[in-house]
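Show me how the following folds:
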Amino acid sequence: MSFYVVVPARYASTRLPGKPLADIAGKTMVERVAERCQQSGADQVYVATDDARIADVLGDTVPVVMTRDDHPSGTDRLQEVAAKLSLADDDIIVNVQGDEPLIPPAVINQVAANLAANPDCQMATLCEAIESAEDLFNPNVVKAVFDDAGRALYFSRAPVPWHRDAFADGKQDMSTGQWWRHIGIYAYRVAFLHQYVQWQPATLEQLESLEQLRAMANGVAIHVEPACEAVPGGVDTQADLDRLRTQLGGK
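A predicted model of the protein is given here:
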């Protein structure tokens, strides 16, 4: 199996400006993410950025592709990378978020392998079990619903599927039923990326603020599977960054 990894890294993060260059126990966040990706089976790992400061800190450790600064999403940035590298339509790109410095290399391999094994799908992604009502009813935890063949049926910020009896009269009984949290790692076929950037934002995408719903609204099949290893949460806030610094401070 052959695939590439692209790590989109924007300096102008809304909640944590300069996040890719945040120091974590002597290394920047983007360096740590790139190192994890290089431990996967990828043919090559690239960092896609619109900021020279990020390119400078990486030096010769990983190839950098400079991209425009006006992309509305990471998917659009990946398409520019695929075009600049002249990748073939059937090549596979795995998008690893630039704020996932603890991502297991095994899950990168997993999502790429899943897409390669399912030629009717243009995207693949992963999920993990939701075990608390707090997470299930939290709109920041995106829920994935998929069929028995691993094809996505829907993604939502709402608590879906809705267990009619367990959630009746305000109850939040998690003892029965099955719920999955979407993990934001994707594998794409390059041909799909070229299609995606030509589509207008979909109504469902805008309602939920979930860009994968644009693909589903246009009939694209997405493969979903539980991750083979636990995937630690990314760094969204200063509190997340502080916890990670404490965790890795002695390593």
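
Report the buried residues of stretch 152-163.
Within stretch 152-163, the residues scored as buried using 16 or more other C-beta atoms under 10 Å are 152, 154-157, 159-160, 163. Yep, even glycine has a C-beta here, placed from its N, CA and C like the rest.

who's in contact with that stretch?
125, 136-137, 139-147, 167, 173, 176-179, 182, 208-210, 212-213, 216, 221-224 (C-beta atoms under 8 Å, 6 or more residues apart in numbering).

ends of it, how far apart?
19 Å (C-alpha to C-alpha, to the nearest Å).

Now do the same contact list for residue 79.
Residues in contact with residue 79 (C-beta under 8 Å, 6+ apart) are 193-194, 196-197.

One more pass at 10 Å, please.
67, 71, 73, 93, 188, 190, 192-198 (C-beta atoms under 10 Å, 6 or more residues apart in numbering).

hang on, the earlier thing: are any of the contacts of stretch 152-163 buried, and which?
125, 136, 141-146, 167, 179, 182, 208, 210, 212-213, 216, 221-224.

And the helices in this protein?
For the chain, applying DSSP state H gives helices covering 29-38, 52-58, 74-84, 105-116, 133-136, 190-196, 203-208, 212-217, 238-248.

So for residue 3, which of the ones you listed sits nearest?
Among these, the nearest to residue 3 by C-beta to C-beta is helix 105-116 (4.1 Å).

Now that closest one: buried residues?
Applying 16+ other C-beta under 10 Å to helix 105-116 flags 105, 107-116 as buried.

counting contacts, what elements does it pack onto?
Judged by 3 or more C-beta pairs under 10 Å, 6 or more residues apart in numbering; DSSP states H and E, helix 105-116 is in contact with strand 4-9, helix 29-38, strand 92-95, strand 123-129, strand 180-189, strand 222-226.
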